[in-house]
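**Student:** Okay, here's the prediction I keep looking at, along with the sequence it came from:
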Amino acid sequence: MLRLSRRTTRAKRRFLDSFTKFKKMDPEKAFAPGVQSTPDISVELVEKIYAGTRKMLKLVSLFTFVLQSAAVYLVLRGSLLKKSFSQAPTALITTEAIKLVACMVVVYFEEGSMSQTISLTRQSVVRDYFDTLQVAIPPILSMIHVNFLYIGSTHLPDTISEALSQLDILTTAGFWMVMFNKKASATQWISLISLFSGVVFLQVAQLEGSEDIPIDIEEDRILGTVMILIACIFNGYGGVYFEKILKSSDVSVWLRAIQQSAVVLPVTLVTTLLFNYHDIVGQGFFYGYNRPMWCVILLQAFGNLLVGIVLVYSDSIRKIYASTFGIVVFFLISMAFLELHAPITFYVGTGLIVVSHVLRLKNLFWWANTPARNDPVCRQRMKQKPAAVADLHSLPFYCGRSTGTVLSYSFSGSQLPGASASLDCIMVLMTMIARAGDGMPLSASVQDDDELRRVNTEYQNQAKMLCKKLGATANQRSTIETGNYYFHYLIEHGVIFLTLCERSFSRKQAFAFLEDICHEFLQYYGGGVQNVARPYAFIEFDTYTQKAKKNYQDSRVRRNLAQLGNELQDVQRIMVENLDDVLQRGATLSELDSKATNLNMLSQKYKKDATTLNMRSTYMKIAAGATLLTILFIYFYVF
């Protein structure tokens, strides 16, 4: 996974260097013959590679996190965690040291030299000291969470303490929605509650058979409950805050881990020496270490790094779901290889977790990522009946609302089997001219083909119905979808010019064809349209319609038009360049003076804004530092 991420980063760097070099080249040299004027990697290709690699890294990181969680449970066997670390008080120090060394090695391989690694580490840790203190807040909150959880578990039965400790699932979801401005539906909250219940059942199944510690004082339960609730709040806030830091900057996960270790390692060392100094001096630094303990230390160090990778390529919610899968995998492995008897609570918890995942996958966007779902206006529009399936009888109402847009209507019998195969070589199928008042057909032109006669009859009936529905409130021009084809119509001087074309036929060419026959028809028959009493009075106009249709359908004409369009674009580009040269050379002193005045005003405005931003940044630094000092004071005062 690290190698894949490093390869992607190098590919992006090569592309950006090539693209920057290309932009800095002189235009005449860049487009000269024999010079490679484009980057060797396209932007679209890099974006696709980057998106695919990021998706792969997300899946790999989540899968690895599931395995790591299961491995931790297998080694620790649940309740042995506190006992193991109490036997080896320096285990946390060793864990942080291993994590720091591993991150330094990764940064060394990324940078390529030890001097650059040391320089980058000094820049990230020492010079950006406030950033380092901000990154150190989540692990300090995690330490407080562990101690509060330990105090709460000593005042409560194991089943109750394990059940309450799973409330960090809900606190994490709440903080995540607040910090990232997300909204969750009722289904998603039910999914989280189902996940919480499933994890509680799994923890109870894990503790089944063990004896609870007897409790003599009833008030201890209140203290234990409060401690565990505070621990869950700290844990949820710390995880989401760390995700916010990782996703709000371009600093790598490894440098963030180094920043954390630079603060957490001295704090852990000092606190360990304060509470276990005599044991460490008398029995040695590595007292209590054995093979299971080394496995725990390595898994914890790897897990701390893996959490950062998961948060970068995924989010805190998916991390929670992956950790619950780790518990299920732990039980399955224990049942298969360690002959562990699974109680009924295991099956209940697993079923609830499966239900939560089914509810989660029900919404593909998950946590309402689309803006339309958060917008009440868009939600109200989605509830309404769309115009794309409107009835034909309501056509005048919808046609009076849009200008130049493609409206989609459902015509019965518009999709005929076998029709598309016969019409592949024909672009304009039918043309009809009718009077706008009563829809009387004045002229029509259909494709003269026996195989298409039945198809043209169906669409001709639809065209007649459409001409009757188009009234005074209809748009002057519009497009209507009917099955696999488009009706394009144009209304001029009380006359409707309607044509049926294939989807592949250009809309611009269709309206150019209609304007052509409109101009010709009104020139010869415009004065007698309103006096006509019988249908198809101007059927002789079909001769001109056929000629015009042939011109617009001729591939050679289209090629000539395309070539003409390209030549016009070249002429336009040359004219724009000439105009730009004239404007640049014709700048007067008054214009330069006005530009200088505007620049002076803008510089004063930017200076004022920069001062305001610096003041806000200073206030935020002071607030964050005061919060960190308060947390440290509470931690040392309580413990």
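**Tutor:** That came in fine, so what should we check first?
**Student:** Run through the stretch 451-600 of the chain and note the low-pLDDT ranges.
**Tutor:** Applying pLDDT under 70 to the stretch 451-600 of the chain flags residues 451-456, 471-473, 553-562, 581-590, 592-593.
**Student:** mind redoing it with 90?
**Tutor:** 451-496, 498-600 (pLDDT under 90).
**Student:** For Asp542, give me its contacts.
**Tutor:** Asp542 makes contacts with 443-445, as judged by CB atoms under 8 Å, 6 or more residues apart in numbering. For the C-beta atoms, the positions are set from N, CA and C on the backbone; glycine is no exception.
**Student:** Now do stretch 441-461: distance from first to last residue.
**Tutor:** 11 Å (CA to CA, to the nearest Å).
**Student:** To clarify, my last question referred to stretch 470-484.
**Tutor:** 22 Å.
**Student:** Val264: which of the contacts of Asp542 is nearest?
**Tutor:** Checking those against Val264 with CB to CB, the nearest one is Ser445 at 82.4 Å.
**Student:** Run through the bridge partners of the closest one.
**Tutor:** Thr431 (DSSP bridges).
**Student:** That one: how many residues sit nearby?
**Tutor:** Counted by other CB atoms under 10 Å, the residues lying close to Ser445 total 22.
**Student:** quick one: pLDDT of it?
**Tutor:** For Ser445, the model assigns a pLDDT of 79.
**Student:** list the contacts for it?
**Tutor:** Contacts of Ser445 (CB under 8 Å, 6+ apart): 430-432, 542, 545-546, 549.
**Student:** Show me the two of those that sit farthest apart.
**Tutor:** Across the contacts of Ser445 (CB to CB), the longest gap, 13.6 Å, separates Met432 and Gln546.
**Student:** the more surrounded of those two?
**Tutor:** Set side by side, Met432 and Gln546 show more neighbours around Met432, with 25 against 16, by other CB under 10 Å.
**Student:** contacting residues for the more buried one?
**Tutor:** 441, 443-445, 460, 463-464, 467, 496, 498-499.
**Student:** Could you rerun that using 7 Å?
**Tutor:** 441, 444, 463, 467, 498 (CB atoms under 7 Å, 6 or more residues apart in numbering).
**Student:** May I ask which of these has the most neighbours?
**Tutor:** Top of those by neighbour count (other CB under 10 Å): Ala463, with 26 neighbours.
**Student:** Setting aside sequence neighbours, what's the nearest residue to that one?
**Tutor:** Spatial nearest neighbour of Ala463, excluding adjacent residues (CB to CB, 6 or more residues apart in numbering): Met432 at 4.9 Å.
**Student:** Kindly report the same for Leu299.
**Tutor:** Val72 (5.1 Å).
**Student:** Leu579 versus that neighbour, what's the distance?
**Tutor:** Distance of Val72 to Leu579, computed by CB to CB, to the nearest Å: 70 Å.
**Student:** Which one of the two is surrounded by more residues?
**Tutor:** Comparing Val72 with Leu579 by neighbour count (other CB under 10 Å), the higher total belongs to Val72, at 20 against 10.
**Student:** That one: what secondary structure?
**Tutor:** helix (DSSP: H, G, I helix; E, B strand; the rest coil).
**Student:** Mind pulling the model confidence for it?
**Tutor:** 78.
**Student:** Looking at the record's assignment, how would you partition this protein?
**Tutor:** 78-156+215-289, 387-414+424-559 (automatic domain parsing).
**Student:** Now tabulate those domains in JSON lines and tack on distance to Ala610.
**Tutor:** Shown next, in JSON lines, are the domains of the chain (distance: least, CB to CB, whole Å):
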{"stretch": "domain 78-156+215-289", "distance to Ala610": "18"}
{"stretch": "domain 387-414+424-559", "distance to Ala610": "46"}
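**Student:** nearest to Gln572, of these?
**Tutor:** In terms of CB to CB, the element of the domains of the chain nearest to Gln572 is domain 387-414+424-559, at 17.2 Å.
**Student:** Which residue, other than its chain neighbours, is closest to Gly439?
**Tutor:** Lys468 (3.5 Å).
**Student:** Now do the phi/psi pair for that neighbour.
**Tutor:** Torsion angles at Lys468 (phi, psi; degrees, to the nearest 10) stand at phi -70, psi -30.
**Student:** Phe325 and Phe65: what is the separation?
**Tutor:** In terms of CB to CB, Phe325 sits 9 Å off from Phe65.
**Student:** Tell me which of these two has more neighbours.
**Tutor:** Phe65 (22 against 19).
**Student:** wait, that one sits on Thr324?
**Tutor:** No. Proximity of Phe65 to Thr324 does not meet the contact threshold set by CB atoms under 7 Å, at 11.0 Å.
**Student:** And the next helix or strand past the strand or helix carrying Phe196?
**Tutor:** Counting by DSSP states H and E, the element that carries Phe196 is helix 186-207. Sequence-wise, the next helix or strand downstream of helix 186-207 (DSSP H and E) is helix 219-247.
**Student:** pLDDT on that next one, on average?
**Tutor:** 83.
**Student:** that older thread, going by distance to Leu100, which of the contacts of Asp542 wins?
**Tutor:** Ser445 (81.9 Å).
**Student:** Tell me how far that closest one lies from Leu62.
**Tutor:** Taken as CB to CB, the span from Ser445 to Leu62 is 63 Å.
**Student:** which other helices and strands contact the helix holding Phe196?
**Tutor:** With contacts defined as 3 or more CB pairs under 7 Å, 6 or more residues apart in numbering; DSSP states H and E, the packing partners of helix 186-207 are helix 158-165, helix 168-179, helix 316-337, helix 344-362.
**Student:** Those helices: which one's closest to Tyr241?
**Tutor:** Across those, closest to Tyr241 is helix 168-179 (CB to CB), at 7.3 Å.
**Student:** Point out the other helices and strands that that closest one packs with.
**Tutor:** helix 186-207, helix 219-247, helix 316-337.
**Student:** Out of these, which is closest to Thr345?
**Tutor:** Nearest of the helices and strands packed on helix 168-179 to Thr345, taken as CB to CB: helix 186-207 at 4.0 Å.
**Student:** So what angle separates the directions of that closest one and helix 344-362?
**Tutor:** 160 degrees (axes from the mean of the first three to the mean of the last three CA atoms, to 10 degrees).
**Student:** Tell me how many other residues surround Ile190.
**Tutor:** 15.
**Student:** Hmm, I typed the wrong one, I wanted Lys182.
**Tutor:** 17.
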